[in-house]
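K.L.:
model the following, please.
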Amino acid sequence: MLSGTPESVLGILRTAHSSAPDPRLQGVLEEFRKHWISLGRRRYPQLQDDLEDAVQTALMKLLSSDKLDTLREAERLEAWARSLFVHTVLDLARDSRRHARRRLYVGTPEDDPEHALRDALPDESDSPEDLASHRERLAIVARAASRLEVARLKFVEDLPEKEIAARQGLTRDSVAGQLKRIRKSLRQAFEDPE
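P.N.:
Residues are numbered from 1 along each chain as shown. As a prediction, this is how the structure comes out:
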């Protein structure tokens, strides 16, 4: 696979972190990259887009001085580098599985997540119990107000006490007293101490 002896290729790789890297370094890295891409497509087709990431990570490891120091025999460079790539792929696959297990989906995979979230939120409209309670209160008010024209003029038509007094032929104090009693009876009907 590699053009050049394993010893010369190893020497070129070791210059990667020097102040003057060997000009052949790019060519050597490209040879490894092509070989690993081919190997990855054959043996790990499920990687698809992640294959390039695995190759780049393996190339960075290949250039690491610490990793290069673990190679005991230069003749084994190709096998050692292939092993480095395979382990990188396996690490990537393991991390992907871990990540996939932690991934949570809202709804089913076919659902739009936004719609699934909206459907899961509580409805802001009044519940049937709230509506029934509201209707009951209105019925109480209607029964109490139907007997008293002063209450209807004040609470339904929202007229001032002075105008109610003029329409009903009463004094303003009389209207105020009636409204006070009406409010008191409404509080009692609603069991409101205030």
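K.L.:
what residues are up against G11?
P.N.:
The contact partners of G11, taken as Cβ atoms under 8 Å, 6 or more residues apart in numbering, are D22. The way it works is simple: take the backbone N, C-alpha and C, and place the C-beta from them, glycine included.
K.L.:
please report how far L153 lies from A54.
P.N.:
Remark: distance between L153 and A54 (Cβ to Cβ, to the nearest Å) = 83 Å.
K.L.:
again, but for F85
P.N.:
7 Å.
K.L.:
next SSE downstream of the helix or strand of the chain with the lowest mean pLDDT?
P.N.:
Lowest mean confidence among the helices and strands of the chain (mean pLDDT, DSSP states H and E): helix 113-120, at a mean of 64. Proceeding N to C from helix 113-120, the next assigned helix or strand is helix 128-146, under DSSP states H and E.
K.L.:
which other helices and strands contact that next one?
P.N.:
helix 172-190 (3 or more Cβ pairs under 8 Å, 6 or more residues apart in numbering; DSSP states H and E).
K.L.:
residue boundaries of the helices in this protein?
P.N.:
6-14, 25-43, 50-63, 65-70, 77-102, 113-120, 128-146, 149-151, 161-168, 172-190 (DSSP state H).
K.L.:
and the shortest one, how far out from the chain's middle?
P.N.:
For helix 149-151, the distance from its own C-alpha centre to the chain's C-alpha centre is 56 Å (Cα atoms, centre = their mean, to the nearest Å).
K.L.:
helices and strands around it, which ones?
P.N.:
Using 3+ Cβ pairs under 8 Å, 6+ apart, helix 149-151 is in contact with helix 161-168, helix 172-190.
K.L.:
can you mark which positions in it are buried?
P.N.:
Going by neighbour count (16 or more other Cβ atoms under 10 Å), the buried part of helix 149-151 is 150-151.
K.L.:
poorly predicted segments of this structure, please.
P.N.:
1-2, 97-110, 113-124, 143-147, 192-194 (pLDDT under 70).
K.L.:
tell me the domain ranges of it?
P.N.:
Domain assignment for the chain, taken from automatic domain parsing, gives 6-102, 129-190.
K.L.:
show me which residues of stretch 17-24 are buried.
P.N.:
Here stretch 17-24 shows D22 as buried, counting by 16+ other Cβ under 10 Å.
K.L.:
equivalent analysis for stretch 171-190, please.
P.N.:
175, 178-179, 182, 186.
K.L.:
export that stretch as PDB, just CAs?
P.N.:
Output in PDB follows, covering the C-alpha atoms of stretch 171-190 (Å, rounded to 0.1, in the frame of the first residue of the first chain):
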ATOM      1  CA  THR A 171     -83.300  58.800  46.200                       C
ATOM      2  CA  ARG A 172     -79.700  58.100  45.700                       C
ATOM      3  CA  ASP A 173     -79.300  56.800  49.300                       C
ATOM      4  CA  SER A 174     -82.200  54.400  48.700                       C
ATOM      5  CA  VAL A 175     -80.500  53.000  45.600                       C
ATOM      6  CA  ALA A 176     -77.100  52.700  47.600                       C
ATOM      7  CA  GLY A 177     -78.900  50.800  50.400                       C
ATOM      8  CA  GLN A 178     -80.500  48.400  48.000                       C
ATOM      9  CA  LEU A 179     -77.200  47.800  46.200                       C
ATOM     10  CA  LYS A 180     -75.500  47.100  49.600                       C
ATOM     11  CA  ARG A 181     -78.200  44.500  50.500                       C
ATOM     12  CA  ILE A 182     -78.000  42.900  47.000                       C
ATOM     13  CA  ARG A 183     -74.200  42.600  47.300                       C
ATOM     14  CA  LYS A 184     -74.500  41.100  50.800                       C
ATOM     15  CA  SER A 185     -77.000  38.500  49.500                       C
ATOM     16  CA  LEU A 186     -74.800  37.700  46.500                       C
ATOM     17  CA  ARG A 187     -71.800  37.200  48.800                       C
ATOM     18  CA  GLN A 188     -73.900  34.800  50.900                       C
ATOM     19  CA  ALA A 189     -75.100  33.000  47.800                       C
ATOM     20  CA  PHE A 190     -71.500  32.500  46.700                       C
END
